[in-house]
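> model the structure of this input:
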Amino acid sequence: MIERQIVIQLDHAHLGPVPGVRSPTRYQNPTLHEGRAQPALGDSAEGVLREIGLGESEIQALFDDGVIA
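Numbers count the residues shown, from 1 in each chain. Modelled structure (predicted):
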């Protein structure tokens, strides 16, 4: 895996650099972006709840009740 450079470092918002695995397939003119590390558990909860139509007070109630963190 070292020779193929499959293990790469990805930037994580809270943890800094974390190891990641890239595709072993290589192309002559690559245009793919390696991206970044996956979000931590719950990082996108608030945005998803807004997206499905919950209001600020409903989201805050879920935080207050410990349903989401």
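> low pLDDT regions in this protein?
Applying pLDDT under 70 to the chain picks out residues 1-4, 29-36.
> got the domain boundaries for this protein?
Using automatic domain parsing, the domain parsing of the chain gives 1-37, 39-69.
> residues contacting stretch 61-69, please?
Stretch 61-69 is contacted from outside by G42, A45, E46, L49, L54, I59, using CB atoms under 8 Å, 6 or more residues apart in numbering. Quick note: C-beta positions are derived from backbone N, CA and C, even for glycine.
> just flag the most distant two among those.
G42 and L54 (15.1 Å; CB to CB).
> more neighbours: these two, which one.
Neighbour comparison, G42 and L54: the larger count goes to L54, with 15 against 9 (by other CB atoms under 10 Å).
> roughly how far apart are the residue nearest to that one when sequence neighbours are not counted and A13?
By the measure of CB to CB, 6 or more residues apart in numbering, the closest residue to L54 outside its immediate chain neighbours is L62, 7.9 Å from it. Separation of L62 from A13 (CB to CB, to the nearest Å): 22 Å.
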